[in-house]
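Q: Provided below for reference: sequence and predicted model.
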Amino acid sequence: MDTDDSHTEEEEEAASDKPTYDEDFPSLPNLELNETRKIAAEAQKATRASSAIRPSQTTQVFTISHEDLEMKNLVAICKTIADDTNTTITRSVCKDKSVTIAITGKIQNVQEAWKGLLGNLQTQILLEVAVPKELHRFMKEGNILKDIETSTTTSIKVPSGESPKQTVSVI
């Protein structure tokens, strides 16, 4: 029986050497509400600072349908525009004969290449729309017209105030 008592003493000694649950997993400190808000504000500020960093390179992908594609030398046009705008242009012809084009480079260069490609590859159509003369002044105000032209890759011609013409040309 002496061996059982010694065994029990050893077990008790080993058990007392083990850390307790509270020692292994101490509770988190109680922070004041103001301290918590301060920490959250610092984290938000750090997030905003990192989101202000803009990438120097971008890629824009677009597709020109077979109907809109003018039959020209696609390879030569892409190479010329890529060289002129310092971008990389890759193209792929799909089964439906549409062309998917990816332009990679600096943001401003990619936009310039995109305009150049669409101007050279897409079929241009002239559309004249009758717009009452009194509305022409609204079309010339601010950058709205330029924004529309940029986003739709069109050219919109509004007649001057002295012109009797009431049609607006969209190319």
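A: Arrived safely.

Q: show me which residues of stretch 85-99 are buried.
A: Buried residues in stretch 85-99, counted by 16 or more other C-beta atoms under 10 Å: Thr85, Thr87, Thr88, Ile89, Arg91, Val99. Every residue, glycine included, has its C-beta placed from N, CA and C.

Q: what's the end-to-end length of stretch 95-102?
A: In stretch 95-102, first residue to last residue: 17 Å (C-alpha to C-alpha, to the nearest Å).

Q: contact partners of it?
A: Residues outside stretch 95-102 that contact it (C-beta atoms under 8 Å, 6 or more residues apart in numbering): 59-66, 69, 74, 78, 89-94, 117, 121.

Q: what segments of the protein are helices?
A: Ranges of helices in the chain, per DSSP state H, are 2-17, 21-24, 33-51, 74-85, 107-121, 136-140, 144-152.

Q: so what's the residue positioned nearest the centre of the chain up against?
A: The chain has Thr58 as the residue nearest its centroid, 8.2 Å off, counting by C-alpha atoms, centre = their mean. Counting by C-beta under 8 Å, 6+ apart, Thr58 touches Thr104, Gly105, Lys106, Ile107, Val110.

Q: if we can go back for a sec, closest one to Ile144 out of the buried residues of stretch 85-99, please.
A: Closest approach between the buried residues of stretch 85-99 and Ile144, by C-beta to C-beta: Thr85, at 26.5 Å.

Q: quick one: that closest one and Lys115 touch, right?
A: No - checked against C-beta atoms under 8 Å, the pair Thr85 and Lys115 is beyond contact range at 9.5 Å.

Q: give me the mean pLDDT for stretch 119-135.
A: In this model, stretch 119-135 has an average pLDDT of 77.
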